[in-house]
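In: next one to model:
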Amino acid sequence: MENKETSKANDNSRIHVLKNGPYLVSGNIPLINMTIQCDTHGIPAQWVIGEKLKTTETYILCRCGQSKNKPFCDATHVQVNFDGTETSDNEPYEKMAKEIDGPTLKLKDAEILCASARFCHRGGDIWQVIPKSDELWAKKNAIENACDCPSGRLVVIDKVGGKTIEPSLEKSIGLIKDPAIGVDGPLWVRSGIPVYSAEGVAYEVRNRVTLCRCGKSTNKPFCDSSHYPEEDREVIENEQK
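Out: Have a look, this model is predicted:
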């Protein structure tokens, strides 16, 4: 359940990517710890909403991954000559996504946006569950798992009426923590907060996107799972084939 106290961002809320530097966040956007809680088998079970960090109307978040004051910037990007060149093609989601058709649901999947939150494996891999979506358990499972995808890589459409199913999110930035694999994930930008490039170009506004904060993404400013341990990422990628 969402914490209503987080809904304090104003209509001027936005995120600016600074050239070879941090993210400039403005508009009094709440910053909240969001932890992936796994079951005994290591599969993500739920999101746990943690504490809200103390912030001001405007603040800056580390993008290079090397700040000693994470999640905030401490200018380490200058010392390490961080190359923060934005490499995203800035294509609309609809152009990036491929479709998997099921009897009652359609799944759209833009793989390049994957943030490796792994909810897509909860109760069965979503790519195998969608074809069974005429069964109640499968439909429910697919919807829940797609809606828990923080990057919006996965989007489910109900074929009856063609409605896109999106989670209701409070306007905020989530600091993804993934203790099961011992890493911090990306920034979870929630509820349509606009993101602008260093050149002032607007990226597509979406209900949920994830921004890289390890500095290694090949799809900057968006997360591409580069924070995730390589050996574990290969296992998941093979499972999806």
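
In: count the neighbours of the residue lying closest to Ile32 once chain neighbours are set aside for me.
Out: Closest residue to Ile32 apart from its sequence neighbours, by CB to CB, 6 or more residues apart in numbering: Lys52 at 5.0 Å. From N, CA and C alone the C-beta is placed, and that goes for glycine too. Using other CB atoms under 10 Å, Lys52 is surrounded by 15 other residues.

In: am I right that Trp137 is in a helix?
Out: Yes. Checked against DSSP: H, G, I helix; E, B strand; the rest coil, Trp137 lies within a helix.

In: so what's Gly100 up against?
Out: For the record, residue 100 is Ile, not Gly. Ile100 makes contact with Lys106, Leu107, Asp109, Trp127, Ile130, Pro131, according to CB atoms under 8 Å, 6 or more residues apart in numbering.

In: any idea how far it is from Ile112?
Out: 16 Å (CB to CB, to the nearest Å).

In: and what of Asp184?
Out: Going from Asp184 to Ile112 by CB to CB gives 21 Å.

In: repeat for Gly182
Out: Applying CB to CB, the value for Gly182 to Ile112 is 25 Å.

In: got it, and Leu169?
Out: 22 Å.

In: the two - which one has more neighbours?
Out: Each of Leu169 and Ile112 has its neighbours counted (other CB under 10 Å); Leu169 has more, 20 against 16.

In: and the pLDDT at the more buried one?
Out: pLDDT recorded at Leu169 is 97.

In: you'd agree it is up against Ile193?
Out: No. Applying CB atoms under 8 Å as the test, Leu169 and Ile193 come out as separate, 10.0 Å apart.

In: can you give me the helices for this structure?
Out: With helices called from DSSP state H, the chain shows them at 76-79, 93-96, 126-129, 136-147, 230-240.

In: what's the least confident stretch among these?
Out: helix 230-240 (a mean of 51).

In: per-domain residue ranges of this protein.
Out: What automatic domain parsing lists as the domains of the chain is 4-90+169-229, 95-165.

In: sorry, back to before: identify the farthest-apart pair in the contacts of Ile100.
Out: By the measure CB to CB, Asp109 and Pro131 form the most distant pair in the contacts of Ile100, at 13.6 Å.

In: the two: which is more packed in?
Out: More neighbours surround Asp109 than the other of Asp109 and Pro131, with 21 against 15 (other CB under 10 Å).

In: these two touch, right, the more buried one and Ser151?
Out: No. The pair Asp109 / Ser151 is not scored as a contact, 11.1 Å apart, by CB under 8 Å.

In: only alpha carbons, please: show stretch 157-173 as CSV.
Out: The C-alpha coordinates for stretch 157-173 follow below in CSV (Å, rounded to 0.1, in the frame of the first residue of the first chain):
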residue,chain,number,x,y,z
ILE,A,157,-3.0,-4.6,-21.5
ASP,A,158,-6.4,-6.1,-20.8
LYS,A,159,-7.6,-7.2,-24.2
VAL,A,160,-11.2,-6.7,-23.2
GLY,A,161,-11.6,-3.0,-23.9
GLY,A,162,-7.9,-2.5,-24.6
LYS,A,163,-7.2,-0.9,-21.2
THR,A,164,-3.5,-0.5,-20.2
ILE,A,165,-3.1,-1.6,-16.6
GLU,A,166,-0.8,0.7,-14.6
PRO,A,167,-0.2,0.8,-10.8
SER,A,168,-1.3,3.9,-8.8
LEU,A,169,1.9,5.5,-7.6
GLU,A,170,2.5,8.5,-5.4
LYS,A,171,4.8,11.1,-7.0
SER,A,172,8.2,10.4,-5.5
ILE,A,173,11.6,9.0,-6.1
